[in-house]
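**Q** Attaching a predicted model along with its sequence, questions to come.
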Amino acid sequence: MCEPERKKNILRQQSSAERPNQRWISDVTCFKLGDHYFYICMITDLFSRRVIKYKISKKNNTQLITTTFKMAHKEPSPPPSGLIFHSDRGAQYTSHRFQQLLHEHHAKQSFSHPGKPHDNAVAESFFASLKKEELYRKALPSDRAFQASVA
């Protein structure tokens, strides 16, 4: 395997795409329900602004990110080579395991600049809306109710 590329911002706040599966963005957010924390990882296609896949986990780890990517990569058909995958610089996204997965799928990795959430504004806005318009407005009595609310 070749040396990992430097953490570049290839996307440079370009929040659109000319065709499907050209540019994907991803982020993870945390939601506390009672004494439990839930982490939601989502991947969105910048062409349609549609969430391709998401996964909820009680752990914020590399497995959450890799599983979500693998699910998205199958749906509905694998993206062509040259996909740009943009995220923040979280440990899960910078892990060797995840970088290797992107390399295996011929995807280029792009990172937000440190401390610059606007570099991933679409993902940040999505999670802000999900929380304000859905999750914070409801009494969520159980894990199942939370998961149904996200779906």
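**A** Right, received. Where do you want to start? Residues are numbered from 1 along each chain as shown.
**Q** SS state for the residue nearest in space to the middle of the chain?
**A** With distances taken as Cα atoms, centre = their mean, Ser26 lies nearest the centre of the chain, 2.1 Å away. Applying DSSP: H, G, I helix; E, B strand; the rest coil to Ser26 yields a three-state assignment of strand.
**Q** which residues in this structure form strands?
**A** If DSSP state E is used as the criterion, the strands of the chain fall at 23-33, 36-45, 50-57, 84-87, 108-111.
**Q** who does the second one pair up with?
**A** According to DSSP bridges, strand 36-45 forms sheet pairs with strand 23-33 (antiparallel), strand 50-57 (antiparallel).
**Q** Would you mind putting the CA coordinates of the last one into PDB?
**A** Taking C-alpha atoms only, strand 50-57 is exported to PDB below (Å, rounded to 0.1, in the frame of the first residue of the first chain):
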ATOM      1  CA  ARG A  50     -29.800  12.600  -0.300                       C
ATOM      2  CA  VAL A  51     -28.600  10.600   2.700                       C
ATOM      3  CA  ILE A  52     -27.300   7.400   1.000                       C
ATOM      4  CA  LYS A  53     -26.800   5.500   4.200                       C
ATOM      5  CA  TYR A  54     -26.700   6.100   7.900                       C
ATOM      6  CA  LYS A  55     -25.900   3.900  10.900                       C
ATOM      7  CA  ILE A  56     -26.600   4.300  14.600                       C
ATOM      8  CA  SER A  57     -24.200   2.900  17.200                       C
END
